[in-house]
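Novice: Next comes the sequence, and after it the predicted model I'd like to discuss.
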Protein chains: 2
Amino acid sequence: MKRSPSRSSKAGTKTHAPAPNTGNSSALDRLKLRWNGWGQTGHPNPLPDGAPQWNLLREALGLTTLPATPAKKLADCVLPLNQLPAAAKHGLEEVVGTDNVHVSDFERAFHARGQSYHDLLHLRAGKLGLAPDAVVYPQSSAQVERVLALCAERNIAVVPFGGGSSVVGGVNAHAKSVGGPIITLDMTAMNNVLKIDKHAMTATIEAGIYGPDLEHQLAKHGVTLSHFPQSFQFSTLGGWIAASGAGQQSNRYGKAGKWLVGAQLVTPQGTWDTEAFPASAAGPNLAQLLCGSEGTLGVITQATVRIHDIPKAKDYRGYLLPDFETGLALARQINHADIPIAMLRLSDPDETAYFQAFSAGLASGLKTALQKLYLRWKRMGDTPCLLLIGLEGDPSTVAWARAQTSSLCRKAGALSLGTSPGKKWYHSRFDSPFARDPMLDRGIGIDTLETAASWPTLLELQGKVRAAILDAITSPAPETSEAQSLQGICMSHLSHSYPDGASLYFTFLFPRDLENDVAQWQKIKRAATDAITSNGGTISHHHGVGTDHAPWMEEEKGAIGMNLLRQLKSELDPKGIMNPEKLIR
Amino acid sequence: MKRSPSRSSKAGTKTHAPAPNTGNSSALDRLKLRWNGWGQTGHPNPLPDGAPQWNLLREALGLTTLPATPAKKLADCVLPLNQLPAAAKHGLEEVVGTDNVHVSDFERAFHARGQSYHDLLHLRAGKLGLAPDAVVYPQSSAQVERVLALCAERNIAVVPFGGGSSVVGGVNAHAKSVGGPIITLDMTAMNNVLKIDKHAMTATIEAGIYGPDLEHQLAKHGVTLSHFPQSFQFSTLGGWIAASGAGQQSNRYGKAGKWLVGAQLVTPQGTWDTEAFPASAAGPNLAQLLCGSEGTLGVITQATVRIHDIPKAKDYRGYLLPDFETGLALARQINHADIPIAMLRLSDPDETAYFQAFSAGLASGLKTALQKLYLRWKRMGDTPCLLLIGLEGDPSTVAWARAQTSSLCRKAGALSLGTSPGKKWYHSRFDSPFARDPMLDRGIGIDTLETAASWPTLLELQGKVRAAILDAITSPAPETSEAQSLQGICMSHLSHSYPDGASLYFTFLFPRDLENDVAQWQKIKRAATDAITSNGGTISHHHGVGTDHAPWMEEEKGAIGMNLLRQLKSELDPKGIMNPEKLIR
């Protein structure tokens, strides 16, 4: 058993952790992050004026011009009156130290909402009605326990917050009642790797650690968790568990529930260390209840997770299939053949076409390998679909898996594209979210949503959801008197697969209805989610529920299931202060 | 999507299911089963008088003679007065039909207890104080719902019962209060395969189906669940889920929680169909709460499970390791190397020696392959350990896995024994429980218990538990005035393994203290379980909790965890009629 030498394994007895925003090398400096968009303020704009993609987007959306629709500056916004009583603020400062309770406009605005399109519409318009009254950065589990006790006593709502990357309203600062006080508990100062055990291949890690810091700490010992969601750079271990997240290589490393061994949950009723065994038949596995709990039951302060040796070999490559149905059948076959793949990603014809067009555009006229391939793609017919297969592990395992997958691909009539599409995807796998803010600046709306269902339902589900999204984009809004017809783009892919089914992920772009942008989004969201639930899909594969999916929860869980969730919450959080309005209503 | 042609997919609308005990070809005929032992009455005795194993056992236990200690006949036993009011019995008959409510001595005795050593001590002594007042065989989920409503109204305790193979007191007929009425709900008439979906590779099956019937129905479609616990022949799908069971090939097919997609739970509050997706982030996966629920939350009436193509290739073979520690290190390596094994079983030196000796004895003097190997084993030193590795799947997968495992075994200094030990184990893998009854008839006590823990703790845990068991066997019982010193045998093996740890399974034999046999067992059980919990092990890997492990539950789950379980129960079973005294106290 190894421990990182300078750190105690007991979070509660940890003597010091660097305060946030004061040069902590591992937690991200809040002041360098965008409060109303993705990533650092200084991140290069992937879509500068004049980039060839703008014309492509404009034409695809049937627009003659792209309006300038910049976001409001924080200095021009008005934050709601602070509802936190001075005595409560003083009490919080006594627990975590005065340096770790923040009430600045920036901290309140940064923690007001997550990163959904819906959130960005509010933030960019300066609608900061949901901002927390204070942001508290606890340094230990013991501090979290004292903060929750104080908040329960004073009926103050608490929003646990990791990276704040929720795209379903999961960290929005809803008070317990209108006008009631609310704090956000920013967990990113709790970012220590407490223990690495290379025999058990587990690590115990504080929940507020960001993805890159976590992997950096583990890499020093030659190991990895390899949970790489698209939000990897700006999300935390605790958030991954709380939202039941999935990394892009989930075939190999699993969703959060698979790599979670046990966790510590601090609740208003006290601190609970769950079971943490390789397997057990001693009643239901209660640690699994934390996966998808979304801060409504308490705060995940640390977790023991299954780790792996850093894979010695990686092989990511592309294939082209003549249509989505053929691709789905192949994906199913690969999953049923017990081949140790790390990732399988199948794009529908629209996504395949845009992937190619955007790539070509980005290459600025160069004859890229992808462009050359385009000529060969045309042989595939009108609806070619890109399949990416990623393999990771020991060289012998990767070689064997490659032989197995190649053989199945060949039998399915796939055209091998070699490793360049795989490498291209791999190197840009965290980039998409950075393109959203510039699009929003130019009148273009873009959102994503996802589901999972069993193999036999996927093709119809994909068609129905796509149709529902496009129909909701193009049909005139009821609020609009004049007949308005907008043109949208909807792309989809399968990106997480299992023996019994797979996830589907939809990306859709549309001209923003600037007068009614929230209503426009709500209409699309409602149409898509109704299409998902009525065609055998879950309301979320890895985004979670938050506020956005909560209206569909009872349909999915059943009345009895929802009562169970309510009972769990009322046991751990009898006053209902934990993350109000999320998951359970 | 395929369905078995003559059956509806809705259990509630099923028009007819054969009544039990009247020639139902698939459910086992209760009257042909032993009410106080394992299996059918007519099963051949594996240890007849004069079998060479008797001398081996006698010597190992330090006895000069083996006493005759036969079980009491049912005709000589007195069943407790029936507490079920006539109106309640009439009400039950109205729901399930008069043929499906049984109050005979045989049915009451058969359903009094499970199959633990502790249970057998009571049954064989004719101590039938826990017998249910009636045994009800529901034919549909709708009937189960009506039975539970009736029992809740009348405060009648209900014990859900599948095969009754619990070895932890999980089906014992504890009434809600002393002298209160109690029924056992025997689920084995609900044994239909409702749907097989070969695209999703899932099947929806009624929970009362026995293992062999389930595999027989699936095999007609070329598929298998491959959940093969040692109790396979006499246990049911619902029991496997309720006790969070593990089949012998759990490395490939997983514990119940891994193959469970969704289930139907009938509770006193109504019927609940859980989520059933390949994966979801819509809150915690509530279907997983049924794994390990042990009938305390309701009755599992049907389940959708992940199935597989019947494997085209199987390879089971043996290796010899110089000691247990080397074997553990090798087992860990194999688990970390991502090799698709189906089973890995490592015996400690004692089990290895007895396996060899018993096999030699059974071969009645013939020079078996194992005997020949014995000479080579001796080269391994004084503490050789047998390792069995089982591979299943496509021929190419099996061949690849065999090459990988062989290479690791060679590097670890293992001596290859070829396929004969593997075949021998495979063909006798359900046989051990049949040897227990003849041993009990000759004054020999035999019991098993198991745990799981992380790799770094396993070696010490194995030593501590073994020592605790042997010490509890050999030290004089406090009730005994004279200094009595008994000699015991304790063997153990690792039989389920994971990246982060493995299970350990202990089998121990001892001369029965005929005057104090229950106290003798309790002393051993307490010592072993204390050693498990104080050395990092779970109180059960796959046997469950029942009544026997319930005293250790709070230590394992934590006070907050136990409160969660109690809340779940009180929501679904507010009157506390479901399987009293089990799991949650």
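Specialist: Structure's in. What do you need?

Novice: and residue A:283, what element?
Specialist: Counting by DSSP states H and E, no helix or strand carries residue A:283.

Novice: who are the neighbours in contact with it?
Specialist: Applying Cβ atoms under 8 Å, 6 or more residues apart in numbering or on different chains, we find residue A:283 in contact with B:292-294, B:545, B:553, B:557, B:565, B:583-584. The way it works is simple: take the backbone N, C-alpha and C, and place the C-beta from them, glycine included.

Novice: Considering those residues, which is situated nearest to chain A?
Specialist: Within the contacts of residue A:283, distances to chain A taken as Cβ to the nearest Cβ reach their minimum at residue B:292, with 4.6 Å.

Novice: Who's the closest spatial neighbour of the closest one, skipping the chain neighbours?
Specialist: Residue nearest to residue B:292 in three dimensions, not counting chain neighbours: residue B:244, with 3.9 Å by Cβ to Cβ, 6 or more residues apart in numbering or on different chains.

Novice: pretty sure that neighbour contacts residue B:257?
Specialist: Yes - between residue B:244 and residue B:257 a contact is recorded at 6.4 Å, counting by Cβ atoms under 8 Å.

Novice: Mind listing the shared neighbours of the two?
Specialist: In contact with both residue B:244 and residue B:257: residue B:291, using Cβ under 8 Å, 6+ apart.

Novice: ok, these two, which is more surrounded?
Specialist: Taking other Cβ atoms under 10 Å in any protein chain shown, residue B:244 and residue B:257 do not tie; residue B:244 has more neighbours (29 against 21).

Novice: three-state assignment of that one?
Specialist: Look at residue B:244: counting by DSSP: H, G, I helix; E, B strand; the rest coil, its state is coil.

Novice: Contact partners for it?
Specialist: By Cβ under 8 Å, 6+ apart, the neighbours of residue B:244 are A:280-281, A:284, B:255-257, B:291-292, B:542, B:544.

Novice: So which of those is the closest to residue A:347?
Specialist: residue B:257 (32.7 Å; Cβ to Cβ).

Novice: helices and strands around the host helix or strand of the closest one, which ones?
Specialist: Under the criterion of DSSP H and E, residue B:257 resides in helix B:256-259. With contacts defined as 3 or more Cβ pairs under 8 Å, 6 or more residues apart in numbering or on different chains; DSSP states H and E, helix B:256-259 has these neighbours: strand B:299-306.

Novice: residues in contact with the next helix or strand after the strand it packs on?
Specialist: Sequence order places strand B:308-309 as the next helix or strand after strand B:299-306, per DSSP H and E. Residues from elsewhere that reach strand B:308-309 (Cβ under 8 Å, 6+ apart): A:336, B:201, B:222-226, B:253.

Novice: Farthest pair within the contacts of residue B:244?
Specialist: Checking the contacts of residue B:244 with Cβ to Cβ, the most distant pair is A:284 and B:542, at 14.2 Å.

Novice: the more surrounded of these two?
Specialist: residue A:284 (27 against 24).

Novice: Contact residues of the stretch 101-250 of chain A facing chain B?
Specialist: Contact residues, the stretch 101-250 of chain A versus chain B (Cβ under 8 Å from any Cβ of the partner chain): A:197, A:199-202, A:243-246.

Novice: Highest neighbour count among those?
Specialist: residue A:243 (31 neighbours).

Novice: contacting residues for that one?
Specialist: By Cβ under 8 Å, 6+ apart, the neighbours of residue A:243 are A:166, A:170, A:256, A:292, A:294, A:542-544, B:281.

Novice: burial measure for residue A:560, as a count.
Specialist: Neighbour tally, residue A:560, other Cβ under 10 Å: 19.

Novice: Pretty sure it sits in a helix.
Specialist: Yes - counting by three-state DSSP, residue A:560 falls inside a helix.

Novice: that older thread, kindly indicate which of the contacts of residue B:244 lies nearest residue A:569.
Specialist: For the contacts of residue B:244, the nearest to residue A:569 is residue A:284 (16.7 Å; Cβ to Cβ).

Novice: which phi and psi does that closest one have?
Specialist: phi -60, psi 150 (degrees, to the nearest 10).

Novice: Surely it and residue B:285 touch.
Specialist: No - assessed by Cβ under 8 Å, residue A:284 is found out of contact with residue B:285, at 10.5 Å.

Novice: and stretch A:34-49, which residues are buried?
Specialist: A:34-39, A:46-47 (16 or more other Cβ atoms under 10 Å in any protein chain shown).

Novice: Show me which of these is closest to residue B:100.
Specialist: For the buried residues of stretch A:34-49, the nearest to residue B:100 is residue A:38 (62.9 Å; Cβ to Cβ).

Novice: residues in contact with that closest one?
Specialist: Contacts of residue A:38 (Cβ under 8 Å, 6+ apart): A:115, A:234, A:433-434, A:436-437.

Novice: Just give me the neighbour total for the residue in the stretch 251-400 of chain A that chain B sits nearest to.
Specialist: Per Cβ to the nearest Cβ, residue A:278 is where the stretch 251-400 of chain A lies closest to chain B, at 3.3 Å. Neighbours of residue A:278 under the rule other Cβ under 10 Å: 24.

Novice: One more: residue A:425?
Specialist: 21.

Novice: Next, the contact list for it, please.
Specialist: Counted by Cβ under 8 Å, 6+ apart, residue A:425 has contacts A:316, A:318, A:345, A:388.

Novice: One more: residue A:123?
Specialist: Residue A:123 neighbours (Cβ under 8 Å, 6+ apart): A:35-37, A:71, A:109, A:112-113.

Novice: can you give me the helices for the stretch 1-150 of chain A?
Specialist: For the stretch 1-150 of chain A, the helices defined by DSSP state H, counting those that start in this stretch cover A:52-60, A:86-96, A:105-110, A:117-124, A:141-154.
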